[in-house]
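Trainee: sequence unavailable; structure follows:
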């Protein structure tokens, strides 16, 4: 950009060197514009703001019900079913029969 | 010709750099900008407008009954209000509960001494766009937002106190 | 004092490593709310009754850590069909004790847990670590967990004769979809080694009862997909699907759907339906007709399906918002398991198990 006589990196066709220079500058400016605008939104912004999460804070929006009841139900199932895991009930493995 | 296009270029580049910086910043409230004005109804009374509080240091705290850290913070804010209101400080709580009755009950239970405003349709909290709950903005006597706090951590009320004292001295 | 400061610094370092990625907002992930629960539970089914109390207390200290203690007692007062048909009836009591520590560091929540379960002929200890990390402005929570368990296996007349070890690895993501909908995916891999059978259970081959032989290792995976949403009328709908598979060739599908609704100022109703379908382990057989290295008649590893319907009523006895809330709860689950390849030795027909679970409990948030 500083040396007007620098070789063009792009095979631009232009009637005169001045035309080519201004075209190069135009392309570079457009590229910078895109970078500037998208630089601020390279990632999607969180679309549910913290002040919009009132419904999600309600206890009925929990997967598991109350702790002891969930643990009890899960224990009954663990004894009688062959599948185990990924059910979200915390409290370490019981490992009991 | 070349000189003109170069300076135009430079101005365009500067404008784009600022645009990039602005889009990256995110928040609508940046330090030293005018705090967005609002008029909201108080829990127990008339409307209150922010710009009418010029001349006082104002702390605006956005909170909700369903937000645990908010509930922990509120008594600290009440204490700061009581301590510095005589020196020209005003604490404003902005509640964003869908059901204002819940907010009223909590204010009564905690015995909060500062005005609590209702932003039920969440327009003011959206305008401030602080992306956190609770969110606190310290506004100086000229209505400029000087400090922004996102979330609540135990002990941050001491920082609040230090910052509001500095603003009161200005 | 110095030790706790060192621990705090160490935990802060972990939290820093996991610290918020996009830097949109570094919020403190709140500690779980203080809570106390007391429950009476009773299971009745297949001739077996087991009931007992359970207690839970959770308290946060200095707004930095939250401690949880649980006690769970299960007293079996009758015998299951295995025991009735192939062994002698017994009375026995299981006691389980759990301790949990929650620590919040910026956007992360770290939970350490210890569980100890004691029966006259089985002891189990497990230590677990779980980390919940909020990212993407708090819209996405990533969960990592690990549990290490060690058991001592015993038999009434032999005493403690063998051991079992377990490793559980958990990975999960919870994503806020809209202000009213959440979705999550959880994966858990479990590895076991040691004595994984049951010293009381007999297998059957060529019509005769023989001791069961079960592999000494097991490796399983489970993937659970869940969605829950607020429907706008003070109610919520939830659904989940879990697929389980392991190296014993057990495959299982679990589908569950539930609905909760507030009624008036004080009541909450909840109902759910659950369907479970399993394909048997490769070495499972009701009556083995060939000689194999492994053989088991443990109906838990057979081919069957199970349907559960449950309902719960919660009465909010006293509520002071932001201070405390006391609730009375009653829940009933009705279970029905139908086994394709397990026969009731008393009748020769495929076994059916009908059972109920009753849970009566009080909860207090304070």
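Mentor: Alright, I've got the coordinates. Just so we're clear, the structure is a prediction, and the values are computed from it rather than from any experiment.
Trainee: next helix or strand past the helix or strand of chain A with the lowest mean pLDDT?
Mentor: The weakest-scoring helix or strand in chain A, judged by mean pLDDT, DSSP states H and E, is helix A:17-39 (a mean of 71). Sequence-wise, the next helix or strand downstream of helix A:17-39 (DSSP states H and E) is helix A:67-80.
Trainee: which parts of that following helix are buried?
Mentor: By neighbour count with 16 or more other C-beta atoms under 10 Å in any protein chain shown, helix A:67-80 contains the buried residues A:67-78, A:80. In this view, the C-beta of every residue, glycine as well, is placed from N, C-alpha and C.
Trainee: is chain C within reach of that helix?
Mentor: Yes. Using C-beta under 8 Å from any C-beta of the partner chain, helix A:67-80 reaches chain C at A:67-69, A:71-73, A:75-77, A:79-80.
Trainee: ok, back up a step: redo the buried residues of helix A:67-80 as TSV? Include distance to residue B:71 and pLDDT.
Mentor: Shown next, in TSV, are the buried residues of helix A:67-80 (distance: C-beta to C-beta, whole Å; pLDDT from 0 to 100):
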residue	distance to residue B:71	pLDDT
A:67	21	90
A:68	25	93
A:69	26	94
A:70	26	93
A:71	28	92
A:72	30	93
A:73	31	94
A:74	31	92
A:75	34	91
A:76	36	92
A:77	36	92
A:78	37	90
A:80	42	90
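Trainee: wait, does whichever helix or strand residue C:177 is part of contact chain A?
Mentor: Using DSSP H and E, the element containing residue C:177 is strand C:159-178. Yes. Using C-beta under 8 Å from any C-beta, strand C:159-178 comes into contact with chain A via C:164, C:166, C:168, C:170, C:172, C:176, C:178.
Trainee: residue A:48: which of these is nearest?
Mentor: Checking these against residue A:48 by C-beta to C-beta gives residue C:176 as the nearest, at 5.0 Å.
Trainee: can you tell me how far that closest one sits from chain B?
Mentor: Residue C:176 sits 13 Å away from chain B, going by C-beta to the nearest C-beta, to the nearest Å.
Trainee: ok, and the closest non-adjacent residue to that residue?
Mentor: Leaving aside its chain neighbours, residue C:176 sits nearest to residue C:139 (4.4 Å; criterion: C-beta to C-beta, 6 or more residues apart in numbering or on different chains).
Trainee: residue C:315 too?
Mentor: Using C-beta to C-beta, 6+ apart, the closest residue to residue C:315 is residue C:328 (4.6 Å).
Trainee: wait, doesn't that neighbour sit right on residue C:359?
Mentor: No. Counting by C-beta atoms under 8 Å, residue C:359 is not a contact partner of residue C:328; they are 11.7 Å apart.
Trainee: these two: who's more crowded?
Mentor: Using other C-beta atoms under 10 Å in any protein chain shown, the more surrounded residue of residue C:328 and residue C:359 is residue C:359, with 24 against 14.
Trainee: show me where chain C has helices.
Mentor: For chain C, helices defined by DSSP state H occupy the ranges C:2-18, C:81-86.
Trainee: and those helices, which one is worst for confidence?
Mentor: Within the helices of chain C, confidence is poorest for helix C:2-18, with a mean of 51 (mean pLDDT).
Trainee: nearest spatial neighbour of the residue nearest in space to the middle of chain B, skipping sequence neighbours?
Mentor: Central residue check for chain B by C-alpha atoms, centre = their mean: the C-alpha nearest the mean position is that of residue B:137, 2.9 Å away. Spatial nearest neighbour of residue B:137, excluding adjacent residues (C-beta to C-beta, 6+ apart): residue B:60 at 4.7 Å.
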